[in-house]
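# what's the 3D shape of this:
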Amino acid sequence: MQYADNMRISDSEREQVVGELGRHLTAGRLTIGEFDQRVAEVYRSTTRQQAHQVLRDLPSAASAVAAAPVATPPTRPVRRRVPGHQQIEWLAWAAAGGINIAIWGIISLAAGVMIYFWPVWVIGPWGLVLLGRTLLGRESGCSKLTDALRDDRMRAVASR
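This next block holds a predicted model:
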């Protein structure tokens, strides 16, 4: 290996050493002044050994990566999206509930007294079923059927 270190250095090898110095600069191991001095030494060097002398007091790339703390990407809270068909179901529930409440209100006004709030029997059970399906993610076999149809269409488009 001693023989390989005394070999003349190429421009691409110099660039690799300068790149390594740049990584140490961005990691905070070198100041700008030290970086400039070491880069100048690299470009003046004629052998690999001379060029690699500028890295002698710095950790190697493998050990620097191992010692560096792993940066975890910032986590965003997972936002569950309600499928389109469930959004339509909720919209139908709200519309039917609104109509029932409006009818109850009109009848109560016409009678001049608040009558029994019967819309609860329309809104309540239907809303509980929708809420359970939405929170639990339970679906009927229809979603499997629509997924299969969509896959068939995708295959047909891809085969054209």
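# only C-alpha atoms for contact and neighbour calcs from this point on.
Noted.
# Now do the helix ranked longest in the chain, average pLDDT.
Secondary structure of the chain per DSSP state H: the longest helix is helix 84-111. What helix 84-111 shows for mean pLDDT is 94.
# chain center to it: distance?
Mean-position distance between helix 84-111 and its chain equals 39 Å (C-alpha atoms, centre = their mean, to the nearest Å).
# now stretch 74-83
10 Å.
# can you map out the strands along the protein?
Here the chain has no strands by DSSP state E.
# Okay, now the unreliable bits of it?
Residues of the chain meeting the criterion pLDDT under 70: 1-5, 61-73, 78-80, 138-149, 160.
# what packs against the longest helix of the chain?
helix 120-136 (3 or more C-alpha pairs under 8 Å, 6 or more residues apart in numbering; DSSP states H and E).
# contacts for the helix it packs on?
Helix 120-136 is contacted by residues 82, 86, 89-90, 93, 96-97, 100, 138-139 when judged by C-alpha atoms under 8 Å, 6 or more residues apart in numbering.
# what angle separates that helix from helix 84-111?
Interaxial angle, helix 120-136 versus helix 84-111 (axes from the mean of the first three to the mean of the last three C-alpha atoms, to 10 degrees): 160 degrees.
# any idea how far helix 120-136 is from the chain center?
With C-alpha atoms, centre = their mean, you get 32 Å for helix 120-136.
# List the buried residues for it?
123, 127, 130, 134 (16 or more other C-alpha atoms under 10 Å).
# how much space between the third one and residue 38?
Here residue 130 is placed at a distance of 68 Å from residue 38 (C-alpha to C-alpha, to the nearest Å).
# now do the first one
Here the distance between residue 123 and residue 38 works out to 76 Å (C-alpha to C-alpha).
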